[in-house]
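Student: no sequence for this one, just the structure:
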């Protein structure tokens, strides 16, 4: 019933002001001092985050390419062009920091290169689709990262017990995913003018992207667990499921926002978490000052 109430509220909610997309110069000290299992010494939950990190450099490069492909078509909209430029800046920073993160994983023996090759093969298939379809893929995955980021910012339990440096890295990433969550969607609305076709495209793409994302995340965790000798740690697998779906349950709690994508009047800015975003920004201030 609470899911239904949450969905219904999206149908009438006014669109709140978009978050300002800040350009930050953030650097994290990611070195051998980071514990192997930096999340409460829990291997499988740690590897959930680590698996996402391996996905990000190639995935966010794809996001940048799919959005900037349409620069000439949005050049008359100065506000949107500025948002795209800030989006590119933030995503480039994510690529840089997660490459350092992934180098740390590779030094631990994680099969980072092999998993990236899997992603490259997936992207080769994706390149066969039209630029508009690839943009819809980006908008869908940006919504996915935004609703997971929303859970990380709203629910302190998601990062409770994590190494402080890694917790701040993930909090920073969540802040910026929240700030630019509407950019790809707004470009999609600008370049795919037919609202019915755009709606059908984004809904179909979201279903496909969700399936691939779920399978890939599970496969990445499985491969990383193999490197750790943790594949038969059934207690660890059970703890991961409990963590994902029960307590703190980020996937379960994010489900209503995922469903909201399928509402015809959906817009990413209707996911209003401005209070949690501002609180997280204040915690980040000690690491970096935003550029003007």
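Tutor: Perfect, I can see it now. Nothing here was measured: the structure is a model prediction, and the numbers come from that model.
Student: and residue 135, how many neighbours?
Tutor: Neighbour count for residue 135, taken as other Cβ atoms under 10 Å: 27. Where you see a C-beta, it was placed from the backbone N, CA and C, and this is true even at glycine.
Student: show the contacting residues for it.
Tutor: Residues in contact with residue 135 (Cβ atoms under 8 Å, 6 or more residues apart in numbering) are 66-67, 69-70, 184, 187-188, 191-192.
Student: pull out the buried members of the residues you listed.
Tutor: The neighbour count (16 or more other Cβ atoms under 10 Å) marks 66-67, 69-70, 184, 187-188, 192 as buried among the contacts of residue 135.
Student: and those as JSON lines, adding secondary structure?
Tutor: As requested, these are arranged in JSON lines below (DSSP: H, G, I helix; E, B strand; the rest coil):
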{"residue": "66", "secondary structure": "helix"}
{"residue": "67", "secondary structure": "helix"}
{"residue": "69", "secondary structure": "coil"}
{"residue": "70", "secondary structure": "coil"}
{"residue": "184", "secondary structure": "helix"}
{"residue": "187", "secondary structure": "helix"}
{"residue": "188", "secondary structure": "helix"}
{"residue": "192", "secondary structure": "coil"}
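Student: below-threshold pLDDT in the stretch 1-150 of the chain: ranges please.
Tutor: Applying pLDDT under 70 to the stretch 1-150 of the chain picks out residues 1-19.
Student: what segments of it are strands?
Tutor: Assigned by DSSP state E, counting those that start in this stretch, the stretch 1-150 of the chain shows strands spanning 23-24.
Student: C-terminal to the longest helix anywhere in the chain, what's the next element?
Tutor: Longest helix in the chain by number of residues (criterion: DSSP state H): helix 195-228. Using DSSP states H and E, the helix or strand that follows helix 195-228 in sequence is helix 234-245.
Student: tell me the angle that next one makes with helix 195-228.
Tutor: 160 degrees (axes from the mean of the first three to the mean of the last three Cα atoms, to 10 degrees).
Student: and the angle from the helix or strand following helix 234-245 to helix 195-228?
Tutor: Note on helix 234-245: by DSSP H and E, the next helix or strand toward the C-terminus is helix 250-260. Counting by the same axes, to 10 degrees, helix 250-260 lies at 160 degrees to helix 195-228.
Student: can you list contacts of whichever helix or strand comes after helix 250-260?
Tutor: Heading C-terminal from helix 250-260, the first helix or strand you meet, by DSSP H and E, is helix 274-284. Here helix 274-284 makes contact (Cβ under 8 Å, 6+ apart) with 16, 19, 24, 26, 150, 153-154, 168, 171-172, 174-175, 178-179.
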